[in-house]
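Peer 1: Sequence plus predicted model, see below.
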Amino acid sequence: MEIKKIDYKILNYLEHNPNSNLEQIEKSLKNVKSIKDRIKSLHELNLIVANFGETSMFGRKLTTNDNFAISNPGKIKLQDYKTEKKWNAIKTFIIPVIVAIITSIITSLIANLIN
């Protein structure tokens, strides 16, 4: 299953803020719809891990909020996405500029040789 740009935002957030709970993620990514479903999907794809904590309160063990962190496969997928994004920027902007400069230099040289 291919993940979307919004999912990469979640992975990026968890890379910079490991062990964040759902509330923290929702506050940071306010414009992302259905974060719970996206986190569940990312967890099923083994791209994030849920760390369940326990606390001993009043003599009973209570499960605390889930804390989420990016998994190793998630780090690899995010790094691949960032690399591809940079390469696309290079292909889109830098290579055409270089080609235009080389073309103008060659044109100038040919024009000078003809005259």
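Peer 2: Arrived safely. Keep in mind that this is a model prediction, so the values were computed, not measured.
Peer 1: hey, let's count contacts and neighbours off CA atoms from now on
Peer 2: OK.
Peer 1: which residues in the protein form strands?
Peer 2: Chain-ordered strands for the chain, with DSSP state E as the definition, fall at 20-21, 48-51, 54-57, 60-63, 67-70.
Peer 1: what bits of this structure have low per-residue confidence?
Peer 2: 1, 52-65 (pLDDT under 70).
Peer 1: residues touching the residue nearest the centre of it, list them.
Peer 2: Averaging the C-alpha coordinates of the chain gives a centre point, and the residue nearest to it by Cα atoms, centre = their mean is residue 8 (3.4 Å). Residues touching residue 8, when contacts are defined by Cα atoms under 8 Å, 6 or more residues apart in numbering, comprise 78, 81.
Peer 1: how far away is it from residue 82?
Peer 2: As for residue 8, its distance to residue 82 is 9 Å (criterion: Cα to Cα, to the nearest Å).
Peer 1: Report the distance from the helix of greatest length in the chain to the chain centre.
Peer 2: Using DSSP state H to assign secondary structure, the helix with the most residues in the chain is helix 95-114. In terms of Cα atoms, centre = their mean, to the nearest Å, the centre of helix 95-114 is found 39 Å from the chain centre.
Peer 1: go on, stretch 24-34?
Peer 2: 15 Å.
Peer 1: Which positions within it qualify as buried?
Peer 2: Buried residues in stretch 24-34, defined by neighbour count with 16 or more other Cα atoms under 10 Å: 25-26.
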